[in-house]
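**Q** the sequence and its predicted three-dimensional model are supplied below.
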Amino acid sequence: MAAIQKAACEACGRASTTRCAGCIEGLDHYGQPSPTYYCNKTCQKAHWTEHKADCKLANTRKVLYRGGELLQKAFYTFRDVAFDLKITSVTKQGEALIVHDQCIDMSQGPLFRFPDRMVADEVDKKSILTLNACNDAPAYLHELSKKVFQGVSGQIQQIKEVRLLVDEKKCRSVKLYRNRKLDDSDYFHEVIKVALSDSAAYALDLAGAQYGQLKSVIPFEDYARDYVTVVCSEFDHGWHANDFRELLMGKHDLPAGYDVRIPLIAKEVTQALNYAVQDWEEENETVSHMLDQKQPVFASKLDNFLGRLRDDIRAYVHHFESNGSKFSILSASDGDAGKPSYGDAIKTKETAKRASPSLGSGTSSMQEELRRARFFDPVTEPPKQLTEKELRKNFAGAPKGVQEFVAKFAAGGGKVHQF
Ligand SMILES: [Zn+2]
Ligand SMILES: [Zn+2]
């Protein structure tokens with residue numbers, strides 16, 4: 001027989017078994033249940049002025065912890081269905097996971113089946129799904145993350161995207177060998193930092209599994225203490241999505257040999273994901289409403305939601321592959337006369353301190369540009385075909401292999417268009 005939960009009444013201190021209905025599933029700072037007990041309605045009423053703010057916050061933390069779980073699971077789903085590494089072997093050396101992958105030429109990929117038979121368990125699988133995918137999470141899931149925070153936006157003080165270095169000594173390591181050469185670069189790790197109205201901050205670590213950090217939400221001070229060497233920079237919410245969009249427009253320097261098809265397909269899959277979310281919301285309820293449902297209802301709706309994302313993204317990937325892998329490509333915006341250049345940019349060391357463009361406090365022209373590019377908005381107009389000349393111009397500074405690929409694409413009459 002289950003023991004009856006008993007605690008002191010918040011108002012008078014007598015033993016009580018009745019909980020405040022307003023925050024019955026509310027959570028504390030660490031994501032643990034934090035019900036508030038009263039012996040009767042009179043005590044609850046007497047204490048309401050004092051409890052009101054806490055009641056609201058406990059519910060906000062519930063939405064935050066659930067929202068982090070939803071975003072992390074959505075990211076695993078995204079990576080699992082649209083996986084972009086060709087893994088040839090996975091082995092273990094003590095605690096370390098050794099992953100070999102093969103550089104691929106343009107005749108293969110860019111997507112591959114995740115090698116389920118090579119991994120021992122879910123933890124190893126998550127480590128590989130998130131490997132070097134830190135900046136992908138806030139970029140690809142930006143629209144979904146906005147929906148997650150919508151219902152509690154009044155309780156949120158600030159949302160930032162934080163770039164940091166993970167203390168590898170404190171982590172379980174995943175070593176990646178590319179064509180038998182150890183990839184020993186230092187990579188930045190990116191998390192979303194949410195501060196609530198009481199100023200308490202939380203790290204949403206969607207790609208932490210590669211470091212053995214599996215929790216989706218952790219109080220930020222604990223996260224910084226237990227996993228981080230240095231916090232490098234803070235960007236506004238949406239910075240990575242914008243950075244990704246700029247990359248697609250040819251505004252970033254990319255390393256030689258960089259497979260430009262990967263961001264192109266990621267853009268398409270992101271769009272498929274956003275449509276799936278939109279459709280699910282139309283047929284069910286808003287994401288923010290789901291996050292506020294009673295626990296068993298929330299759990300089953302979340303399964304249903306993730307299943308829908310999986311099915312729709314998989315259908316897109318299948319369609320993409322069976323139609324000869326055709327990409328759509330963003331064009332540079334009208335006012336942008338500068339020649340695009342390629343060099344280092346994503347997933348590499350930050351070599352120069354770039355000024356961080358921000359969406360929130362930034363220029364309105366950038367927001368205008370975003371709107372015009374239509375990348376993160378639903379597509380309402382038919383896509384405009386890019387001419388071969390426009391296409392070549394976009395990728396003028398790209399490495400030779402990429403240029404050849406783009407040329408082949410355009411020449412083959414591939415459905416190359418802009419949104
Ligand atoms: Zn009482
Ligand atoms: Zn309450």
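**A** Looks like it came in fine. Numbering: from 1, shown residues only. Ligands and ions are numbered 1, 2, ... in the order given.
**Q** could you find the closest non-adjacent residue to whichever residue of the stretch 201-350 of the chain sits closest to ligand 1?
**A** The nearest approach of the stretch 201-350 of the chain to ligand 1 comes at residue 294, 25.5 Å away (CB to the ion). Where you see a C-beta, it was placed from the backbone N, CA and C, and this is true even at glycine. The shortest distance from residue 294 to any non-neighbouring residue, by CB to CB, 6 or more residues apart in numbering, is to residue 25 (6.9 Å).
**Q** residues near the residue of the stretch 201-350 of the chain closest to ligand 1, how many?
**A** For residue 294, the neighbour count with other CB atoms under 10 Å is 9.
**Q** quick revisit: okay, now the residue nearest to residue 294: neighbour count?
**A** 18.
**Q** now residue 184
**A** There are 7 residues near residue 184, going by other CB under 10 Å.
**Q** on the pLDDT front, check it for me.
**A** Note for residue 184: predicted pLDDT of 74.
**Q** quick one: contacts for the residue of the stretch 201-350 of the chain found nearest ligand 2?
**A** In the stretch 201-350 of the chain, no residue comes nearer to ligand 2 than residue 292, which is 14.2 Å away by CB to the ion. If you count contacts by CB atoms under 8 Å, 6 or more residues apart in numbering, residue 292 has them with 59, 62, 63, 151, 298.
**Q** need phi/psi at it.
**A** For residue 292, the backbone dihedrals (degrees, to the nearest 10) come out as phi -100, psi 0.
**Q** that one and residue 59, how far apart?
**A** 7 Å (CB to CB, to the nearest Å).
**Q** list residues touching both of the two?
**A** Common contacts of residue 292 and residue 59 (CB under 8 Å, 6+ apart): none found.
**Q** need phi/psi at residue 182.
**A** phi -70, psi 130.
**Q** where does the nearest residue to it once chain neighbours are set aside sit: helix, strand or coil?
**A** Once flanking residues are discounted, residue 182 sits nearest to residue 175: 6.3 Å by CB to CB, 6+ apart. State at residue 175, reduced to three classes by DSSP: H, G, I helix; E, B strand; the rest coil: strand.
**Q** what confidence value was assigned to the residue in the stretch 51-200 of the chain that ligand 2 sits nearest to?
**A** Residue nearest to ligand 2 within the stretch 51-200 of the chain (CB to the ion): residue 55, separated by 3.2 Å. On pLDDT, residue 55 comes in at 96.
**Q** what residue ranges in this structure score low on pLDDT?
**A** For the chain, applying pLDDT under 70 flags the ranges 1-4, 256-257, 324-419.
**Q** just the helices in it please.
**A** For the chain, the helices defined by DSSP state H occupy 41-81, 122-129, 136-140, 142-150, 220-227, 239-248, 261-283, 287-291, 295-322, 364-373, 388-394, 400-411.
**Q** out of the ones you listed, which is the most enclosed?
**A** helix 136-140 (a mean of 26; mean count of other CB atoms under 10 Å).
**Q** for the chain, what lies in contact range of ligand 2?
**A** Counting by CB under 5 Å from the ion, the residues of the chain lying close to ligand 2 are 20, 22, 23, 36, 55.
**Q** nearest to residue 75 among those residues?
**A** Distances from residue 75 to those, taken as CB to CB, are shortest for residue 23 (28.8 Å).
**Q** just give the closest residue to the closest one, not the sequence neighbours.
**A** With CB to CB, 6+ apart, the residue lying closest to residue 23 is residue 58, at 4.1 Å.
**Q** got it, and residue 198?
**A** Leaving aside its chain neighbours, residue 198 sits nearest to residue 57 (5.9 Å; criterion: CB to CB, 6+ apart).
**Q** please tell me how far that neighbour sits from ligand 1.
**A** 22 Å (CB to the ion, to the nearest Å).
**Q** what's the closest non-adjacent residue to the residue nearest the centre of the chain?
**A** Centroid check for the chain by CA atoms, centre = their mean gives residue 137 as the closest residue, at 2.5 Å. Nearest residue to residue 137 in three dimensions, chain neighbours excluded: residue 206, at 3.8 Å (CB to CB, 6+ apart).
**Q** okay, now that neighbour: neighbour count?
**A** Neighbourhood size, residue 206 [other CB under 10 Å]: 28.
**Q** ok, now residue 194?
**A** 26.
**Q** I'd say it and residue 65 touch.
**A** No: if you go by CB atoms under 8 Å, residue 194 and residue 65 don't touch, sitting 10.6 Å apart.
**Q** can you name the residues of this structure sitting close to ligand 1?
**A** 9, 11, 12, 39, 43.
**Q** buried members of those into PyMOL, please.
**A** Typed into PyMOL, the line below selects the buried ones among the residues of the chain next to ligand 1, using 16 or more other CB atoms under 10 Å:
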select buried, resi 9+11+39+43
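**Q** among the residues of the chain next to ligand 1, which pair sits farthest apart?
**A** Farthest pair in the residues of the chain next to ligand 1, by CB to CB: 11 and 39, 7.8 Å.
**Q** re the thing from before, can I get the residues of the chain next to ligand 1 in CSV with distance to residue 260?
**A** What follows is those, written out as CSV (distance: CB to CB, whole Å):
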residue, distance to residue 260
9, 63
11, 63
12, 67
39, 66
43, 64
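**Q** out of the residues of the chain next to ligand 1, which comes closest to residue 115?
**A** residue 9 (56.0 Å).
**Q** residues contacting that closest one?
**A** By CB under 8 Å, 6+ apart, the neighbours of residue 9 are 15, 16, 37, 38, 39, 43.
**Q** quick check: bridge partners of the first one?
**A** Listed beta-bridge partners, residue 15: residue 8 (assigned using DSSP bridges).
**Q** ok, now which ones touch it?
**A** 6, 7, 8, 9, 39.
**Q** identify the residue nearest the second one in space, chain neighbours excluded?
**A** Taking CB to CB, 6+ apart, and ignoring the residues beside it in sequence, residue 7 has residue 37 as its nearest neighbour in space, at 4.2 Å.
**Q** number of nearby residues for the one you found?
**A** 20.
**Q** and residue 300, how far from residue 80?
**A** As judged by CB to CB, residue 300 and residue 80 stand 21 Å apart.
**Q** longest single strand anywhere in this protein?
**A** Assignment by DSSP state E gives strand 156-166 as the longest strand of the chain.
**Q** which positions in that strand come out as buried?
**A** Neighbour counts over strand 156-166 (16+ other CB under 10 Å) mark 156, 159, 160, 161, 162, 163, 164, 166 as buried.
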